[in-house]
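Visitor: Build me a structure from this.
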Amino acid sequence: MSYNKDCLKRIENNKDTHYWEKREKAPADWYYYKPYLATCIKYSNPGKILDVGAGMGGFTECCARFGLDCVGLEGDDWAVKQAKKRYDMDIRQHFLEYKLPFNDGEFSVIFCSQVIEHLSEKTAKFALKEFYRVLSDGGTLFIHSPCYYVREARIDPTHINLYIPKRLCHEIIEAGFNIVIPMTYPRGVIGGSVVTKAIMTILFVLFPCDRLAGNSSLMAKKTSDKEIKIFSPRYFHIQRIIHW
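Guide: A predicted model of the protein is given here:
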């Protein structure tokens, strides 16, 4: 969960919402983020990691506990202070409307989870270009974000810029990235059991359309290659099956 300048006023004006309540509760334990970190390691060559919209530092802490060099950025100063009280980690206050306080090519991995939907369209486009700038050649950006077609995501008042997968891919390419691999999962439109989830996954692999998407997550590569490659959502699922 991230708190950025674009939505802080909205949070303040909606203190009776579930979003404000989450701000006062303890964050997910750091081990909740272990699968996310494992994905980052599996699909990239991690060196220095940037956790954008770090919230109360769950992912940043996870990296730190495994001895990885990770910097967390968070817009809410309160969340930053709470994170530092909990564990010795490098987490700093920063609004994404402004240039990232890092050198060009400083990071090999950027992790951005449940953040971009809280930014205005203008800020999101600026942030993506900044992500590209601070990534090294061969670096990887991981974005996790809900999909516009999910009702629960649409009714959250702080989701001011929900994406569908194709739109996010388009803006990623505009920012300069040339390889985009969607990590999109299907919506549970026919129930939430193991069987129905398996059925939906099979349908989604066969017919990977945005209307069936449950999220707009992806990974993007920055390379010196001029050729632009946008993979089908089925690519990620097939890779997971191969490496099961």
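
Visitor: Tell me where the longest strand sits in the protein.
Guide: In the chain, assigned by DSSP state E, the strand with the most residues is strand 135-144.

Visitor: quick one: furthest residue from the center of this protein?
Guide: What lies farthest from the middle of the chain is Val195; by CA atoms, centre = their mean that is 27.6 Å.

Visitor: Confirm that that one sits in a strand.
Guide: No. Under DSSP: H, G, I helix; E, B strand; the rest coil, Val195 falls outside any strand and is assigned helix.

Visitor: So for it, what's the pLDDT?
Guide: Val195 is assigned a predicted lDDT (pLDDT) of 79.

Visitor: One more: the one 10 residues further on?
Guide: Among the per-residue scores, Val205 shows a pLDDT of 79.

Visitor: That one: neighbour count?
Guide: Neighbour count for Val205, taken as other CB atoms under 10 Å: 17. Heads up, the C-betas are built off the backbone N, CA and C, glycines and all.

Visitor: doesn't it fall inside a helix?
Guide: Yes. With three-state DSSP as the criterion, Val205 is located in a helix.

Visitor: Not counting sequence-adjacent ones, nearest residue to it?
Guide: Leaving out its chain neighbours, the residue that sits closest to Val205 by CB to CB, 6 or more residues apart in numbering is Arg234, at 4.6 Å.

Visitor: Put the alpha carbons of the strand or helix carrying the one you found into CSV.
Guide: Element membership for Arg234 (DSSP states H and E) is helix 233-242. Extracted in CSV, the C-alpha atoms of helix 233-242 (Å, rounded to 0.1, in the frame of the first residue of the first chain):
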residue,chain,number,x,y,z
PRO,A,233,-0.1,-12.7,-21.2
ARG,A,234,0.0,-16.4,-22.0
TYR,A,235,3.8,-16.3,-22.1
PHE,A,236,4.2,-15.7,-18.4
HIS,A,237,1.8,-18.5,-17.5
ILE,A,238,3.5,-21.0,-19.9
GLN,A,239,6.8,-20.1,-18.4
ARG,A,240,5.4,-20.7,-14.9
ILE,A,241,4.1,-24.1,-16.0
ILE,A,242,7.5,-25.0,-17.6
